[in-house]
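**Q** coords please:
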Amino acid sequence: RSMRKTFRETGEVVRTPVCASRPRISLDANMSYLESCIERQPDILLTEMQNQLREICGVDISISMIPGTIRRPGFTRKAI
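**A** Numbering: from 1, shown residues only. From the prediction side, this is the model:
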């Protein structure tokens, strides 16, 4: 029902979000730096990577964002 109502009111099926969310921080630009950190020190901790990103690259992110970014190019938890 709500899809039909939205289509009748707006002419589109998808609703426009009421409020825009906060823009995401992308680590893709800093991926080469993360890879070099892992190559230099394979047993580096996520907290150490977070600190280095903050100090050297000026990127302040949560620790939970780092593993997903590292997994994309093929690193696994065991490899870290």
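
**Q** if I pick E48, what's in contact with it?
**A** Q41 (Cβ atoms under 8 Å, 6 or more residues apart in numbering). In short, each C-beta sits where N, CA and C put it, glycine included.

**Q** Which of the three states applies to N51?
**A** Classification of N51 into helix, strand or coil gives helix, according to DSSP: H, G, I helix; E, B strand; the rest coil.

**Q** Tell me, what's the model's pLDDT at it?
**A** According to the predicted model, the pLDDT of N51 comes to 93.

**Q** burial count for it?
**A** Other residues within reach of N51, judged by other Cβ atoms under 10 Å, total 11.

**Q** Repeat that for C37.
**A** Neighbour count for C37, taken as other Cβ under 10 Å: 19.

**Q** List of residues touching the helix or strand where it lies?
**A** Taking DSSP states H and E as the definition, one finds C37 inside helix 31-40. Helix 31-40 is contacted by residues 27, 44, 49, 52-53, 56-57, 66, 69-70, 72-73, 75, 79-80 when judged by Cβ under 8 Å, 6+ apart.

**Q** What residues of it count as buried?
**A** Neighbour-count burial for helix 31-40, counted by 16 or more other Cβ atoms under 10 Å, picks out Y33, L34, C37, I38.

**Q** ok, now which ones touch I63?
**A** With contacts defined as Cβ under 8 Å, 6+ apart, I63 is in contact with L46, T47, Q50.

**Q** Relative to L34, how far out is the last one?
**A** Using Cβ to Cβ, to the nearest Å, we find Q50 at a distance of 10 Å from L34.

**Q** Quickly list what's touching both of these two.
**A** Common contacts of Q50 and L34, defined by Cβ under 8 Å, 6+ apart, comprise I66.

**Q** in this structure, which spans are helices?
**A** With helices called from DSSP state H, the chain shows them at 2-10, 31-40, 46-52, 65-71.
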